[in-house]
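my questions are about this predicted structure, shown below with the sequence.
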Amino acid sequence: MDNNKKLLRQEDIYTQVTTPTALGDMTLHDRTAITKDNIQQLGVDAWLRQIRDKTQLPTCEIRMHDISYTATVKPSDTRIQTLASAFNITSSRSKAETKFILKNINAIFKPGTMTLVLGPPGCGKTTLLKHLAGILGVKGKEELLGSVTYNGCKANQVDLSTLAAYVEQSDNHFPTLTVKETFEFAHKCLVGKVDPADPLANNEQHMVDILISVLGLTECADTMIGDAMVRGVSGGQKRRVTLGEMLTGRASA
């Protein structure tokens, strides 16, 4: 009896998401599909407005509970340099101490919101963001305590590559690649070969063109990134390329 009820509930859910009422007007669905033609026809702003008004994207709430990150470091030596201290022939040797990089951090990041993290250099801002993105590598005598959950699930229970992306502070690119080539290369590295049977396969074909339009890089799409020796895009455009590189994956935050 319980199994029948369970199957019935699953059937009800399936019916709810496949009825015309749930799917909405298919003409509207065709107009808001992620294709290059739709974006060019409607314009980026109008297309994004239709997407926001007519679709409800999955959301993710991130919670941090009692996050502490410690590392063992040697205290800085402020003594006057002498011959004895240079060869470390002193009676008093500096002892390593434990330093808190993050200490008792509790936070909730609501979906659809922006959070500004402020602090002086070396206070742990980068460490915090890397931990949220799941790329903080703990090594040696470092210790990471506490928990981070994504919609109530732990990091090992979800695919973080589809939830979060970390954008580096520095803009590191191949200077001789164009903006479009950089995005195409990043897309292949982050997504890999797309299976034609994948429901998102059609979207992936146009992802690079979409990002170039959304980030306002259409005019410089065929311009080399450049560096100190090669003339290329401006500093602001290069920063947007860095952001777009990570967005070419399937991360939603």
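Thanks, I have it. Just so it is clear, the model here is predicted, and its values are computed rather than measured. Residues are numbered from 1 along each chain as shown.

which SS class is residue 137?
coil (DSSP: H, G, I helix; E, B strand; the rest coil).

distance-wise, check it relative to residue 186.
22 Å (C-beta to C-beta, to the nearest Å). From N, CA and C alone the C-beta is placed, and that goes for glycine too.

ok, now residue 69?
29 Å.

all the strands of the stretch 51-200 of the chain, residue numbers only.
Ranges of strands in the stretch 51-200 of the chain, per DSSP state E, counting those that start in this stretch, are 62-73, 97-109, 143-150, 153-154.

format the ones you listed as JSON lines; extra columns: mean neighbour count and distance to residue 212.
As requested, those are exported to JSON lines (neighbours: other C-beta atoms under 10 Å; distance: least, C-beta to C-beta, whole Å):
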{"stretch": "strand 62-73", "mean neighbour count": "16", "distance to residue 212": "29"}
{"stretch": "strand 97-109", "mean neighbour count": "13", "distance to residue 212": "28"}
{"stretch": "strand 143-150", "mean neighbour count": "15", "distance to residue 212": "29"}
{"stretch": "strand 153-154", "mean neighbour count": "10", "distance to residue 212": "33"}
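
which among those strands is found nearest to residue 243?
Each of the strands of the stretch 51-200 of the chain has some distance to residue 243 by C-beta to C-beta; the shortest is strand 97-109, at 18.5 Å.

hmm, back to that, higher neighbour count, residue 137 and residue 186?
The neighbour count for residue 137 versus residue 186, taken as other C-beta atoms under 10 Å, is higher for residue 186 (21 against 7).

rebuild the strands of the stretch 51-200 of the chain as TSV, extending it with distance to residue 164.
As requested, the strands of the stretch 51-200 of the chain are exported to TSV (distance: least, C-beta to C-beta, whole Å):
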stretch	distance to residue 164
strand 62-73	8
strand 97-109	10
strand 143-150	8
strand 153-154	13
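
which helices and strands sit right next to whichever strand or helix holds residue 212?
In this assignment (DSSP states H and E), residue 212 forms part of helix 207-214. If contacts are counted by 3 or more C-beta pairs under 8 Å, 6 or more residues apart in numbering; DSSP states H and E, helix 207-214 sits against helix 36-42, helix 44-54, helix 179-191, helix 235-247.

next, the angle helix 235-247 makes with it.
140 degrees (axes from the mean of the first three to the mean of the last three C-alpha atoms, to 10 degrees).
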